[in-house]
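Chemist: The following comprises the amino acid sequence and a computationally predicted model.
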Amino acid sequence: MDHEWMTESHARMKTPRRGSEAARAQFSSAAPKLLAVLVTGLSTGNVTATETCIAAPIEGKANVQICDADFPTLWQRREQYDGRYIMITGFATYVDGSPYLFASKDLYTYMAARGGIALEIDPRDAVLFRKVVEGGGPVTLQGRYAVNHSAVASIGLLIVPKRRFWPETMPGERPQRPPD
């Protein structure tokens, strides 16, 4: 009996099935719509319900709420973070002498230095920040995010208070101490 089933199944696989072609065509036309619904559903959710926040003293204030942020969320809903303290990781570099943070080195390169976050680094940390940037690895920063500013081709400004940045360790590497 198993042999009959296998033979019948094998025979079905060799014969063209119009129904499966129609189903495949229907799925291929519906797949982008389904993906759009999934992405929209994920991106329109309540940010505060899914974000992780910590309380830390910053800029002389006691226990400011600092929430994790990522580039896709900032690209889509930057107004929700306007005026809030965030923590974000990315590729830091200088564009025309000003510090910027990008989602990755590839996005910086292939988007012609657009879509990053302009950084306002505390002047006392300028030399230290340059050392961190020269390391070439990912950098995490904490600061107050502002949507409206004059930086060209950016998605916002991150005002970084004193010592609120550090190099990130790549997976598999030994943790680094922040430079002095």
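Modeler: Received, thanks.
Chemist: doesn't residue 84 make contact with residue 144?
Modeler: Yes: using C-beta atoms under 8 Å, residue 144 is in contact with residue 84, at 7.2 Å. C-beta coordinates here come from the backbone N, C-alpha and C atoms, glycine included.
Chemist: who's more crowded, those two?
Modeler: residue 144 (21 against 17; other C-beta atoms under 10 Å).
Chemist: how close does that one sit to residue 160?
Modeler: Using C-beta to C-beta, to the nearest Å, one gets 8 Å for the distance from residue 144 to residue 160.
Chemist: Flag the helix or strand of the protein with the lowest per-element mean pLDDT.
Modeler: Every helix and strand in the chain was compared by mean pLDDT, DSSP states H and E; the lowest is helix 18-43, with a mean of 43.
Chemist: And the strands in this structure?
Modeler: 53-58, 61-68, 85-95, 98-102, 116-121, 138-146, 154-160, 165-167 (DSSP state E).
Chemist: Let me have these in TSV, adding distance to residue 110 as columns.
Modeler: As requested, those are exported to TSV (distance: least, C-beta to C-beta, whole Å):
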stretch	distance to residue 110
strand 53-58	32
strand 61-68	25
strand 85-95	12
strand 98-102	10
strand 116-121	12
strand 138-146	17
strand 154-160	16
strand 165-167	23
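Chemist: nearest to residue 78, of those strands?
Modeler: Closest approach to residue 78 among these is made by strand 154-160 (5.5 Å; C-beta to C-beta).
Chemist: Just checking: what are the partner strands of that closest one?
Modeler: Take DSSP bridges as the rule and strand 154-160 pairs in its sheet with strand 116-121 (parallel), strand 138-146 (antiparallel).
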